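Peer 1: the sequence and its predicted three-dimensional model are supplied below.
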There are 2 protein chains.
Amino acid sequence: MTNQADEVLVVFTPSGKRGRFPVGTPLLQAARYLNVDIDSVCGGRGICGRCQILVSEGEFAKFGIISTADSLEPITAPEIKYAERRELKPGRRLSCHTKVLNDIVVDVPAESQVHHQTIRKGAEHHEISLNPLVHLYYVEVQEPDMHDPSGDLRRLLNALEQDWQLSDLDYDVSLLPQLQTTLRQGKWRVTVAVREGKQVVAVWSGFHDRLYGIAVDVGSTTIAAHLCDLVSGEVKASAGVMNPQIRFGEDLMSRVSYVMMNPGGEQEMTKVVREALNNLVLDLVQQAACEITDILEITFVANPVMHHLLLGINPVELGGAPFALATDMAVSKLAKDMDIYLNPQARAYLLPCIAGHVGADTAGMVLAEEPFNHDAMTLLVDVGTNAEIVLGNRHRLVACSSPTGPAFEGAQISSGQRAAAGAIERIRINPETLEPRYRVIGCEIWSDEEGFTEAVADSGITGICGSGIIEVVAELYLAGVINQDGVIDGNLAAQSSRIKADGRTFAYEILPATEQHSAIKILQNDVRAIQLAKAALYAGIKLLMDYQGVDRVERIRLAGAFGSHIDVKYAMVLGLIPDCKLDQVSAAGNAAGTGARVALLDQESRPVIETVVRQIEKVETAVEPAFQDYFVNAMAFPNKQDPFPELAKEVALPKPKEIASAADSRDLRRRRRKR
Amino acid sequence: MTNQADEVLVVFTPSGKRGRFPVGTPLLQAARYLNVDIDSVCGGRGICGRCQILVSEGEFAKFGIISTADSLEPITAPEIKYAERRELKPGRRLSCHTKVLNDIVVDVPAESQVHHQTIRKGAEHHEISLNPLVHLYYVEVQEPDMHDPSGDLRRLLNALEQDWQLSDLDYDVSLLPQLQTTLRQGKWRVTVAVREGKQVVAVWSGFHDRLYGIAVDVGSTTIAAHLCDLVSGEVKASAGVMNPQIRFGEDLMSRVSYVMMNPGGEQEMTKVVREALNNLVLDLVQQAACEITDILEITFVANPVMHHLLLGINPVELGGAPFALATDMAVSKLAKDMDIYLNPQARAYLLPCIAGHVGADTAGMVLAEEPFNHDAMTLLVDVGTNAEIVLGNRHRLVACSSPTGPAFEGAQISSGQRAAAGAIERIRINPETLEPRYRVIGCEIWSDEEGFTEAVADSGITGICGSGIIEVVAELYLAGVINQDGVIDGNLAAQSSRIKADGRTFAYEILPATEQHSAIKILQNDVRAIQLAKAALYAGIKLLMDYQGVDRVERIRLAGAFGSHIDVKYAMVLGLIPDCKLDQVSAAGNAAGTGARVALLDQESRPVIETVVRQIEKVETAVEPAFQDYFVNAMAFPNKQDPFPELAKEVALPKPKEIASAADSRDLRRRRRKR
């Protein structure tokens, strides 16, 4: 402890910033001087509690000091008052009202920093920087005076400039009608929300520290939304709802067709989706018990058709070549101008679309996954009715959309169903006996284990969900029931009663029909549907690999519900995705939705994704001659001689057979044209 | 004619810019190179006709050249086509399609310049620079292409950048729903309106060259609006309507009281004034036969209460000390957000208010009159229920509002009436006989001239308007009927039958009662009302003269209807305004409305008035102790010994009499309190 004169050494952790200050300097002032990141809404008035710090006690040989709680002045009246009103955990002090008496090491906990990281769960692999566009500032405004005719607004702006160095602030004119009342109700003390340090967007009487935003993923089928605390970054509430546009058409193309057949139909669809969003907002607000006026931001990801309909743009141009977007740029506008009712000054931000078939949802996936920050050649796949595919790394990104159709979602599959209780999601087929064992959603017990029958008594066994279909086809292929060209081998009917004739083709029966339900089986047509879907996906990937000039990828991230549920090994057995080290293939969760959340919480992510999207090279599968060839070639399942060395380490792939017969190829081309 | 090689000398007038160019250079290109101000909307495609020029024929010794029509290539096909479609006056050429062959002097007429002056009429003494915020640009947009997934908007912005060097343009998101249709309807040729070279605000299919704005003066009694062509600066239509808020209260204070008594009443008043504005707009559009969507700007001047009500702001704070404005800053917002329906992207601009009693109308007067550009100590007065007063020059401006009451408008005067046919507006009283001669509105003949009776047979003689009241009181004073303290001399009743007893005081009868109408006369109370009004006005002026440290003004401009109609000599006889050379006193017309038009046509005027308004020193008469003294002192009329030397050169002022009796002063104080 070697203090020079009346100065003491103050060290802040984790930043390590340090300096010497006169005895009696308030800690917050020292922090400001050293540019240490400590939050404050009330401007050092002991109201907000954001500037809390901890004394690190002990001997710090590195700095030559011993730091104790006594290095600060004893707890002050404003801190006691704050602790009575809210909570002040043991050891915590309000840095605005705490003066230094002696050398000290002060720790700034993460929640006291303006910019901190929020933890992402499960499949999400990196953290989101918390750096929202809107911040709150508490000010005391000078009262009006006959000798100074300045308006209330000017005096408010003056206070913001004086206390917070926010100069040349713009403001929203619609705040004016309420401004005078708000100032007087708050006895000239108000909290102001400022967007991007540039514009006053909300004013509350008195001290106010609640600020929220919503991140929304508008899918063709479902709309999912998260309400986030813009101060802590936490998700406070989540909600989902079916997209009500479904009544105008199940998939994107049928909704575009609806508009073509019904001029003005886009307005109906815009209306219903906005209504659904308003209901979602009410749901979230109720869950989180917050005020709707505390919501100042909303971000959206959506595919191009959903994006256009959300904005009230007729999507017909997206329904035919050249698939022109009205805009490929990020869109920022007042939420109320989209008929979404939050704080009247809340702004909506829609991530940019990449191309007519590759939307803001893909941009969201790219933002969440950040392949542009990785060296590894990364494949991102989001499988829906179309598969959005992005391939690349920090050097270059290419993207396309491939028309996989709805087979992966269990649609157009005879026993297919949505992923719900009672659906088969896992299946194994004994290569000797050809007998199946399986698990259904909502039950942890396999079908050949004790207690299974009782466990599924409630839900019954109702069908096969998307991931189950991938497994059953893959297991049938590995068991030799289906050959490389996807043909169910009728000869095996002699060997197993599971193989049954079905018209001119054969089927594999998992569960026989009972009085309660029809049989659950895989028809030849089901296998064909999976082949068409997986060929489309693989052909799209192959095209991008050509563009990148690579013959293998180093990392695969599967986004969306389908990607979260499938066993990647089986996806690879069927050749949905190219060969890759299995431990480098993983699910990315709802990456698009995560992207919306990143754009919500971190303002700097917006210019990043806007720039990245412009640099992504778009490949239009429809005009790529190679796509058709890749598609036809990808109909067959991988065999021992195919370039799947990583997969071959894990699974015994069947031997190659002769190439698909001409008749097979014709059949496939015909089916594809029909779609 | 000494041409170097293949270059020729091109001189543009009136700028005098000149340069040498290769033979065959299009004139517009030469102009662009030399930075000569020539307009163009179509970008040199021969469509808009804005770039017309004239060849100045003759020998120009100064440049050593002879300029003839043959110095240009003969008239071209696009010019013939343009002339067929529109008019191309003799000698006019389209500079975009005209190549130079030889040395030439080219004149750019005012209407071909982007920035030119518009002529102001009558009372208005200077010209308005034409430099609107919005300009039109015609572009041909690249069609979409499967190999280029850029959105239509991006390609539109690219075209604007390429053809017009407008880079980093922002755009209004609400344009998106119509954009694709507009582009396709125009076969990828569109005209774009860009605000401030920064933001795309409207897009029309094909070539479009109509662009309008509206300047509005929202008065307590009447609303007046002018529709202006933003390209030529011309006023295309004018319309006025009563302010429908009158049904909530005749004057400002009664409207503020209405809100105090009826919470939410401000919303009713906001609604009706906006409805009236929309009707005015429809009237203007019909008169000018233009499209409402061609209107992209609207500017407003208004007093503080009208200003607040127009914006939907509760004006109660303006009804009591400290008279706090919600904002004293200029306000710019979308017109549709004020429920005013023009082009959806039209912006409204409200000039800044100066203080709680001195509004955007006064700012408009200051902008129109530009005292800040003059050396002369200038007094600007706009008389209404309150008089707004500004005094100063380029060095310093001071302003105040003085509560004159409605007497100058003919209200609270027994025979007073609005300025309409039948109202006495001019009067002379013979100092010997005390007989009057007068003129009424709508008739050029004086009452003592032949044919008068017949001429006024239709309208009758119905009352006295504001300017008539000033004249009759002044003439009565000069004739000795009224003394310096404003007392009608009852002793004169013996001398003239015009002087009649009226209770305990006397009256002067101009016209006796008939069966059709009651008598037209001036009562003692009428003189008192005029005294109170003029004392308030003069006291306000005197206060400002004190602030400026001057005892005389060099120039007086009287704005508003009252200022336009009164004879300034009589105003000075009564002491409404201080002494000044009579030829330096003039009417300024509706200066506030002119200010709105300046702000509409010249974007550079907006920052100017915003800055000037901040620099104006505001004087609050209510808290100035001197005001009450000046007020009482100003009750008497000027006499020979008063400092009115300039007036004394023109008029024989009465001799001074002893100061007003104590009883008179008490009477006046009591009357003032009652108001």
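Peer 2: The structure has been received and is ready for your questions.

Peer 1: whichever strand or helix holds residue A:182 vs chain B: in contact?
Peer 2: Using DSSP states H and E, residue A:182 sits in helix A:176-185. Yes. Shown here: helix A:176-185 in contact with chain B (CB under 8 Å from any CB of the partner chain) through A:176-177, A:179-181. In short, each C-beta sits where N, CA and C put it, glycine included.

Peer 1: buried subset of the residues you listed?
Peer 2: A:176-177, A:179-180 (16 or more other CB atoms under 10 Å in any protein chain shown).

Peer 1: helices of the stretch 301-450 of chain A, start to end?
Peer 2: Along the stretch 301-450 of chain A, the segments classed as helices by DSSP state H, counting those that start in this stretch run A:304-310, A:360-369.

Peer 1: rewinding a little: for the helix holding residue A:182, output the C-alpha coordinates as PDB.
Peer 2: C-alpha atoms of helix A:176-185 as PDB (Å, rounded to 0.1, in the frame of the first residue of the first chain):
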ATOM      1  CA  LEU A 176     -45.400  15.800 -28.900                       C
ATOM      2  CA  PRO A 177     -49.100  15.400 -27.900                       C
ATOM      3  CA  GLN A 178     -48.200  13.500 -24.800                       C
ATOM      4  CA  LEU A 179     -44.900  15.200 -23.900                       C
ATOM      5  CA  GLN A 180     -46.200  18.000 -21.800                       C
ATOM      6  CA  THR A 181     -48.400  15.800 -19.600                       C
ATOM      7  CA  THR A 182     -45.600  13.200 -19.200                       C
ATOM      8  CA  LEU A 183     -43.200  15.800 -18.000                       C
ATOM      9  CA  ARG A 184     -45.600  17.300 -15.500                       C
ATOM     10  CA  GLN A 185     -46.800  13.900 -14.300                       C
END
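
Peer 1: now it, how far from the centre of its chain.
Peer 2: Here the centre of mass of C-alpha atoms in helix A:176-185, compared against the chain's by CA atoms, centre = their mean, to the nearest Å, lies 38 Å away.

Peer 1: related to what we said a few turns ago, so of the helices of the stretch 301-450 of chain A, which one's packed in deepest?
Peer 2: helix A:360-369 (a mean of 30; mean count of other CB atoms under 10 Å in any protein chain shown).

Peer 1: do that one and chain B meet?
Peer 2: No. Applying CB under 8 Å from any CB, one finds helix A:360-369 out of contact with chain B, separated by at least 11.9 Å.

Peer 1: so how far is that helix from its chain's centroid?
Peer 2: Relative to its chain's centre, helix A:360-369 lies at 8 Å (CA atoms, centre = their mean).

Peer 1: again, but for stretch A:205-215
Peer 2: Using CA atoms, centre = their mean, the offset of stretch A:205-215 from its chain centre is 23 Å.

Peer 1: got the CA coordinates for it in PDB?
Peer 2: The C-alpha coordinates for stretch A:205-215 follow below in PDB (Å, rounded to 0.1, in the frame of the first residue of the first chain):
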ATOM      1  CA  SER A 205     -42.800   9.800 -16.400                       C
ATOM      2  CA  GLY A 206     -40.300   9.200 -13.700                       C
ATOM      3  CA  PHE A 207     -37.800   6.400 -13.600                       C
ATOM      4  CA  HIS A 208     -38.500   3.500 -16.000                       C
ATOM      5  CA  ASP A 209     -36.200   0.600 -16.700                       C
ATOM      6  CA  ARG A 210     -38.200  -1.900 -18.700                       C
ATOM      7  CA  LEU A 211     -37.400  -2.300 -22.400                       C
ATOM      8  CA  TYR A 212     -38.400  -5.200 -24.600                       C
ATOM      9  CA  GLY A 213     -38.100  -6.500 -28.100                       C
ATOM     10  CA  ILE A 214     -39.600  -9.400 -30.100                       C
ATOM     11  CA  ALA A 215     -37.900 -11.700 -32.600                       C
END
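
Peer 1: show me which residues of it are buried.
Peer 2: Buried residues in stretch A:205-215, defined by neighbour count with 16+ other CB under 10 Å: A:205, A:207-215.

Peer 1: now render the residues you listed as CSV, adding distance to chain B and pLDDT.
Peer 2: What follows is these, written out as CSV (distance: CB to the nearest CB, whole Å; pLDDT from 0 to 100):
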residue, distance to chain B, pLDDT
A:205, 16, 97
A:207, 23, 94
A:208, 20, 95
A:209, 26, 91
A:210, 25, 95
A:211, 24, 97
A:212, 23, 98
A:213, 19, 98
A:214, 19, 98
A:215, 19, 97
